[in-house]
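# Generate coordinates for the sequence data below:
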Amino acid sequence: MTPEHSEARRLMAASLTRPLTVAERAALDAWSASSAEAREEIARTREVWLSMALAADAPPVRAMRQEARRQARLDRSARPGRRAVVAGLGLLAAGLVVGVAINVGPRVQSYDAPPHASARLTLADGSLVVLSPGGRLTTRFRSHARDVSLEAGDAFFEVAHDKSRPFAVAAAGRTLVVLGTRFNVAGGGRLTVSLVEGSLRVSQPGAASVLLLPGQRYVGAAGVGGDVGPGDVKGDAAWTDGRVVLADANLGQAAERLSRASGRQVRLTDPALARLRLSGSLDVRRMDDVGAALEALLPVRTLVTREGGLVVSPISRSSRHG
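Numbering: from 1, shown residues only. Okay, here's the model as predicted:
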């Protein structure tokens with residue numbers, strides 16, 4: 001451990017019991033900006049502090065409070081107050097500095113995106129997530145593991161590297177395990193996992209696990225197993241910037257992806273339309289622009305609904321000859 005590292009951890013501990021001076025805050029900020037590892041440690045330490053604060057009546061915390069009161073020579077008959085709690089957490093931080101491990105319960109947190117807009121999230125460990133409109137995920141972080149459940153919608157993950165705590169995402173009956181990577185997860189009729197950077201293992205009960213490499217895509221329908229192959233993984237993640245990139249996709253698949261990316265229903269009035277194929281990059285931020293693009297690419301008419309969705313219909317024969 002470098003002197004700078006040791007001093008930074010001392011300052012993190014001190015910040016629990018008193019305001020830092022301007023110079024101390026500047027020193028801690030400088031260490032945070034020095035590396036991704038420093039930022040990860042600060043996020044991880046704050047996560048433990050918060051867990052301890054939330055579990056302030058747990059036996060380990062009570063013991064820390066009692067020790068704080070003893071050292072402060074407080075009246076043993078007095079009721080522990082906020083000062084004692086803060087002091088106990090300060091001792092916990094000191095314990096972290098010297099490597100003392102205290103077991104705390106998992107920190108569970110749920111996130112929901114608005115119905116018609118994506119949400120950009122920073123998780124407790126510093127990982128970044130973009131959640132599609134109407135999406136929902138739940139995190140369960142512990143000292144040795146980071147578990148995430150994608151319960152609705154699509155998500156793009158940029159995972160903070162932490163060898164000691166694997167990052168696992170549960171989605172559509174599969175488990176995606178990573179250490180540090182960037183990848184997209186899309187649900188719907190089939191699960192599609194697109195790896196942009198790093199490495200990722202997909203596992204499922206009853207099937208052999210598969211390892212994805214950058215530029216590869218995993219596609220698994222309902223049931224057991226899935227297929228892995230090269231794909232336009234950056235295009236798969238373009239919805240995070242408000243676009244859906246299609247490469248010889250059928251209109252049925254396109255309508256599903258457009259609906260998930262925009263949070264607005266794109267409905268086909270004729271099942272035969274689902275067989276039409278198209279390629280292109282569609283901006284989903286305005287449904288009238290999506291409709292105009294579809295009309296330019298395919299023999300269809302479109303109508304924006306009162307709710308902001310899109311209805312796609314075939315062009316009638318009378319219209320073609322009119």
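
# Mind checking which residue lies nearest the centre of this structure?
The centroid of the chain falls nearest to Val129 when counting by C-alpha atoms, centre = their mean (3.3 Å).

# element containing it?
Taking DSSP states H and E as the definition, Val129 sits inside strand 128-131.

# List the strands paired with that strand, with their directions.
strand 119-122 (antiparallel), strand 155-158 (antiparallel) (DSSP bridges).

# I'd like the ones you listed as CSV, with distance to Gln265 appended.
For every residue, glycine as well, the C-beta is placed using N, CA and C. Output for those, formatted as CSV (distance: least, C-beta to C-beta, whole Å):
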stretch, distance to Gln265
strand 119-122, 19
strand 155-158, 20
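
# Which among these is found nearest to Pro230?
strand 155-158 (19.0 Å; C-beta to C-beta).

# State the mean pLDDT of the closest one.
Strand 155-158 shows a mean pLDDT of 98.

# Can you name the next helix or strand after the helix or strand of the chain with the lowest mean pLDDT?
Counting by mean pLDDT, DSSP states H and E, the chain has its least confident helix or strand at helix 82-97, which shows a mean of 47. Next along the chain after helix 82-97, taking DSSP H and E as the criterion, comes strand 107-112.

# Tell me the strands beside that next one, with direction?
strand 136-141 (antiparallel).

# Could you pull up the mean pLDDT of the partner strand?
Confidence over strand 136-141 (mean pLDDT, whole number) is 96.

# contacts for it?
Here strand 136-141 makes contact (C-beta atoms under 8 Å, 6 or more residues apart in numbering) with 47, 106-113, 123-125, 129, 131, 146-153, 155, 165.

# quick one, helices of this structure?
Counting by DSSP state H, the chain has helices at residues 3-14, 22-34, 36-54, 59-71, 82-97, 233-236, 251-262, 287-297, 317-321.

# Quickly, which of the ones you listed bottoms out on average pLDDT?
Among these, helix 82-97 carries the lowest mean pLDDT, at a mean of 47.

# Stretch 170-181: which residues count as buried?
For stretch 170-181, the neighbour count (16 or more other C-beta atoms under 10 Å) marks Ala170, Ala171, Ala172, Arg174, Leu176, Val178, Leu179, Gly180, Thr181 as buried.

# what number of residues lie near Pro114?
Burial of Pro114 is recorded as 12 neighbouring residues (other C-beta atoms under 10 Å).

# burial of the residue nearest to it when sequence neighbours are not counted, as a residue count?
Among residues not flanking Pro114 along the chain, Pro133 sits closest, at 6.5 Å (C-beta to C-beta, 6 or more residues apart in numbering). When neighbours are counted by other C-beta under 10 Å, Pro133 registers 21.

# Glu197 now?
14.

# Can you give me the pLDDT of it?
Confidence score, pLDDT, at Glu197: 96.

# ok, now how distant is it from Gly180?
9 Å (C-beta to C-beta, to the nearest Å).

# List only buried entries from the contacts of strand 136-141.
Buried, going by 16+ other C-beta under 10 Å: 47, 107, 111, 113, 123-125, 129, 131, 146-148, 150, 153, 155, 165, out of the contacts of strand 136-141.

# Nearest to Leu11 among those residues?
Using C-beta to C-beta, the buried ones among the contacts of strand 136-141 come closest to Leu11 at Glu47, 17.5 Å.

# Report the beta-bridge partner residues of Gln216.
The residues that Gln216 bridges to, once DSSP bridges is applied, are Pro230.

# For it, grab the count of nearby residues.
17.

# Might one say that Asn184 is in contact with Asp232?
No - judged on C-beta atoms under 8 Å, Asn184 makes no contact with Asp232 at a distance of 10.9 Å.

# Which one of these two is surrounded by more residues?
The residue with more neighbours, out of Asn184 and Asp232, is Asn184; 23 against 14, by other C-beta under 10 Å.

# per-residue confidence for that one?
97.

# Quick check: the gap between it and Leu28.
34 Å.

# what's the answer for Ala272, then?
For Ala272, the distance to Leu28 - C-beta to C-beta - is 63 Å.

# more crowded one of those two?
Per other C-beta under 10 Å, whichever of Ala272 and Leu28 has more neighbours is Leu28, with 21 against 9.

# Contacts only, for the more buried one.
Ala8, Leu11, Met12, Ser15, Leu20.

# What is the nearest of those residues to Gln204?
For the contacts of Leu28, the nearest to Gln204 is Met12 (40.2 Å; C-beta to C-beta).

# Count the neighbours of that closest one for me.
21.

# Roughly how far does Gln265 sit from Glu7?
From Gln265 over to Glu7 (counting by C-beta to C-beta), the distance is 56 Å.

# do Val228 as well
For Val228, the distance to Glu7 - C-beta to C-beta - is 47 Å.

# what's the span of stretch 250-269, first residue to last?
In stretch 250-269, first residue to last residue: 15 Å (C-alpha to C-alpha, to the nearest Å).
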